[in-house]
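In: Sequence plus the predicted model coming up.
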Amino acid sequence: MSTHATTPDGVRIAYQVRGEGPPLVLLAGQANNHHWWDGVRDDFHAARSTVTLDYRGTGESDKPDRPHSTEGFAQDVIAVLDDLGVDRADVYGTSMGGRVAQHLAARHPHRVRALVLGCTSPGGSHGVERDNDVRRSLVQQQPGAARQALLELMYTPAWLATHLGPYQVLGDPAMPAHAQRHHLVASNRHDAWDLLPGISAPTLVVHGSDDLLNPAANAPLLTSRIPGARLHVLPGARHAYFDEFRAVASPLVLDFLTAVP
């Protein structure tokens with residue numbers, strides 16, 4: 001069940017709270033809603049409550065036809081925290097959610113106690129972009145071909161052979177076309193390079209070694225740029241490491257958060 005917060009520009013943002021304990025905000029990837037986290041959010045409930053949201057343009061949130069940005073998405077997270085009366089929270093962002101989390105931690109340091117950045121990038125001219133073969137695979141015209149390419153970028157062949165779906169990380173199927181475009185532009189225009197040294201929250205960077213959708217070379221860039229950040233690379237993992245490798249990734253994140261004073 002969702003509750004709604006209203007942003008300063010009048011957009012209603014749907015959010016969901018599960019569990020009990022100190023809050024952990026979970027931020028999904030581009031063009032996805034809170035269901036991105038369905039497979040793993042229970043992993044955190046022994047020690048945390050979890051807060052998810054539907055980005056503007058997705059799920060039960062409003063879908064205004066106007067430009068979006070990762071900085072703007074971060075402002076939407078602040079609106080949710082304000083609506084909940086939460087002063088500080090731990091934040092775990094993956095993919096575009098990690099880009100949103102960078103703005104959140106850099107621009108609102110008093111609201112972020114600890115930060116986890118998963119399978120993400122600093123963006124801009126310093127970020128390492130996916131190669132052209134990957135780009136072409138995601139715009140194939142044959143029915144189902146682009147979806148299959150995305151699945152194979154998310155998960156290993158061995159995992160796909162034994163997990164037949166449903167898959168929650170392939171985008172919100174109910175998104176209108178204008179919202180999909182706004183999300184794509186927001187993610188592509190992200191550039192937090194100059195902001196990263198100002199992040200003061202203890203930070204863990206997590207990435208799959210075999211991630212081609214958001215190349216693994218971005219992980220050490222983030223780690224070197226954020227003061228005191230730690231890096232953990234999961235061997236053999238692709239973009240959806242948090243799902244396929246949850247038995248390692250979820251305890252890793254929880255242990256990090258628990259160790260932060």
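Out: Done, it's in.
In: Quick check, H232 in contact with V206.
Out: Yes - at 5.2 Å, H232 counts as touching V206 under the criterion of CB atoms under 8 Å. To be clear about C-beta, it is placed using only N, CA and C from the backbone, and glycine gets the same treatment.
In: Compare the two (neighbour count), which wins?
Out: Using other CB atoms under 10 Å, the more surrounded residue of H232 and V206 is V206, with 27 against 17.
In: where's that one relative to V253, distance?
Out: Noted for V206: a distance of 7 Å to V253, by CB to CB, to the nearest Å.
In: any shared contact partners between H232 and V206?
Out: Residues within reach of H232 and of V206 at once, by CB atoms under 8 Å, 6 or more residues apart in numbering, are L252.
In: In contact with the closest residue in space to D243 that isn't next to it in sequence, which residues?
Out: Of all residues not flanking D243 in the chain, G39 sits nearest, at 5.0 Å (CB to CB, 6 or more residues apart in numbering). Counting by CB under 8 Å, 6+ apart, G39 touches Q168, D243, R246.
In: To which secondary structure element type does G39 belong?
Out: coil (DSSP: H, G, I helix; E, B strand; the rest coil).
In: Tell me the spacing between it and G208.
Out: Taking CB to CB, one finds G39 at 16 Å from G208.
In: Ok, L24 next?
Out: Counting by CB to CB - L24 and G208 are separated by 21 Å.
In: Next, the residue nearest to P176 when sequence neighbours are not counted: phi, psi?
Out: Spatial nearest neighbour of P176, chain neighbours left out: K63 (5.8 Å); criterion: CB to CB, 6+ apart. Torsion angles at K63 (phi, psi; degrees, to the nearest 10) stand at phi -130, psi 60.
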